[in-house]
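Asks: sequence plus the predicted model coming up.
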Amino acid sequence: MQPREFVAFIAALMAVNALGVDLMLPALADIGHQLSIATANHRQWIITAYMLGFGTGQLVYGPLADRYGRRPILLVTLAGFVLASIFAAGSQTFAALLGARVLQGLMSASTRVLAVAIVRDRYAGRQMARTLSVAQMIFFLVPIMAPSLGQMLLAFGPWRFIFYALAGFAALVLAWSFTRLRESLPVENRTPLSLAALRNGYTLTLTNRFSAGYAVAASMTFGGIIAFVSSAQQIFVDEFHAGARFTILFAICAFSMGCASFANSRLVERLGTRLISQSAVIGLIVLSVCHIGLIASGLETLPSYMVFQALSMTCIGLCGANFGSMAMEPVGAIAGTASSIQGFITSVGAVIVGSLIGQSYDGTTYPLAIGYLAIGVAVLGVVYVVEGGKLFHAHHSA
């Protein structure tokens, strides 16, 4: 693939996962009513179950991709995602839907692992961060459009149509992969699938402080996204009574992350991953303190929430690709296995963080603001330790 098609392809892989999370947001109330889900907070498990499968599945695909190559693993799992989406569409109970969602997550986990590994096969350092940022910029258009697309699908049929649409999109990406994707891992660079190789890969990934530390930092910032996505419908519809504008308001917040990725793609090779991401973390802390003060004073309104949420998502967007690039930098020789382990840490950690914040929803935006402050402080602490007490200090190519 030429560079532009390559970036678009990586974005499409990422979009499989993004659509899996965001496309059904407008249908959560309908799903809850038809499947007799007890409370609005329980509906969040439709998102959380997917993310649990997404997180745990990543442990498997990296070692398999390092042994057999990226392309065959991707083709099999995309086909599995198509089938899982069809199963979800046919679910008759809440338990069956959650099972299908876990299976969807297990299959789509490969898209995250292999997208990062394929990019790492071609690029490193700031160039890798720039490529991922451009792909994420396109990828972030998906959350902007997904709720509106979901709402359009609901206009033509029941919520089950949304899962058939997911199956259709994954089938298109599968066809693109089959016809256009060449294997990026040469046979001579493949790692034997053995306990010793797995142990060595896990040890290298988990004992390198940059690899493990930035994966943990990424898990917490990603948790902020999950917390927002899980509780967005409740905040906009139940608290601010803006159900008619939900898709537009959600899109504005997602658009801020797309702008952040675009800015990062333009600036990262000049300023470096550390300066940008560490400044963004400090920005998140300052924003959260101000937001908490506004809420405590009783002055929170829909416009004020939108401003703080969009700016917070901008800060989080400036962390994602940079944290991922810095985590992968020292483990490029085992990119598949390392991406699996880091993806597991990031995704499962994000589910825990996002669920703790999301399930704390009490009818106000206060839990989300407190959660963002906690995320910012914790991430800054992790980065400080990883960098040996030296912030804003560029080294190597990052």
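Replies: Cool, the structure landed. Numbering: from 1, shown residues only.

Asks: contacts only, for Ala167.
Replies: 81-83, 85-86, 89 (CB atoms under 8 Å, 6 or more residues apart in numbering). All C-beta spots, glycine's among them, are computed from the backbone N, C-alpha and C.

Asks: the same query, at a cut-off of 7 Å, please.
Replies: 82, 85-86 (CB atoms under 7 Å, 6 or more residues apart in numbering).

Asks: most neighbours of all those, which one?
Replies: Ser85 (27 neighbours; other CB atoms under 10 Å).

Asks: surely it touches Gly168?
Replies: No. Using CB atoms under 7 Å as the test, Ser85 is too far from Gly168 to be in contact (8.5 Å).

Asks: mind giving me the packing neighbours of the strand or helix carrying Leu19?
Replies: Counting by DSSP states H and E, the element that carries Leu19 is helix 3-22. Other helices and strands packing on helix 3-22, by 3 or more CB pairs under 7 Å, 6 or more residues apart in numbering; DSSP states H and E, are helix 45-68, helix 94-122, helix 125-139, helix 141-156, helix 160-180.

Asks: return the set of buried residues in it.
Replies: Residues 6-7, 9-22 are the ones in helix 3-22 that count as buried (16 or more other CB atoms under 10 Å).

Asks: stretch 329-341 too?
Replies: Buried positions in stretch 329-341, judged by neighbour count with 16+ other CB under 10 Å: 329-331, 334-341.

Asks: which one of the residues you listed is nearest Ser360?
Replies: Relative to Ser360, the closest of the buried residues of stretch 329-341 is Ile341; by CB to CB it sits at 29.0 Å.

Asks: ok, now which ones touch the closest residue in space to the closest one that isn't next to it in sequence?
Replies: Of all residues not flanking Ile341 in the chain, Thr205 sits nearest, at 4.6 Å (CB to CB, 6 or more residues apart in numbering). Going by CB under 7 Å, 6+ apart, Thr205 touches 211-212, 331, 337-338, 341-342.

Asks: which stretches of the stretch 251-398 of the chain have low pLDDT?
Replies: Counting by pLDDT under 70, the stretch 251-398 of the chain contains low-confidence ranges at 394-398.

Asks: find me the pLDDT at the closest residue to Phe54 other than its chain neighbours, would you?
Replies: Leaving aside its sequence neighbours, Phe54 sits nearest to Gly105 (CB to CB, 6+ apart; 3.8 Å). You'll see Gly105 listed with a pLDDT of 94.

Asks: quick one: contacts for Gly105?
Replies: Gly105 touches 50-54, 57, counting by CB under 7 Å, 6+ apart.

Asks: try 10 Å
Replies: Counting by CB atoms under 10 Å, 6 or more residues apart in numbering, Gly105 touches 17, 20-21, 48-58, 81, 84, 347, 351.

Asks: cool, and Gln342?
Replies: Gln342 touches 58, 62, 112-113, 116, 205-206, 211-212, 214-216, 218-219, 323-324, 327-328, 331, counting by CB under 10 Å, 6+ apart.

Asks: ok, now how distant is it from Arg120?
Replies: According to CB to CB, to the nearest Å, Gln342 stands 11 Å off from Arg120.

Asks: for the stretch 101-250 of the chain, which residues score under the pLDDT cut-off?
Replies: Using pLDDT under 70, the flagged stretches of the stretch 101-250 of the chain are 125, 136-141, 143-144.
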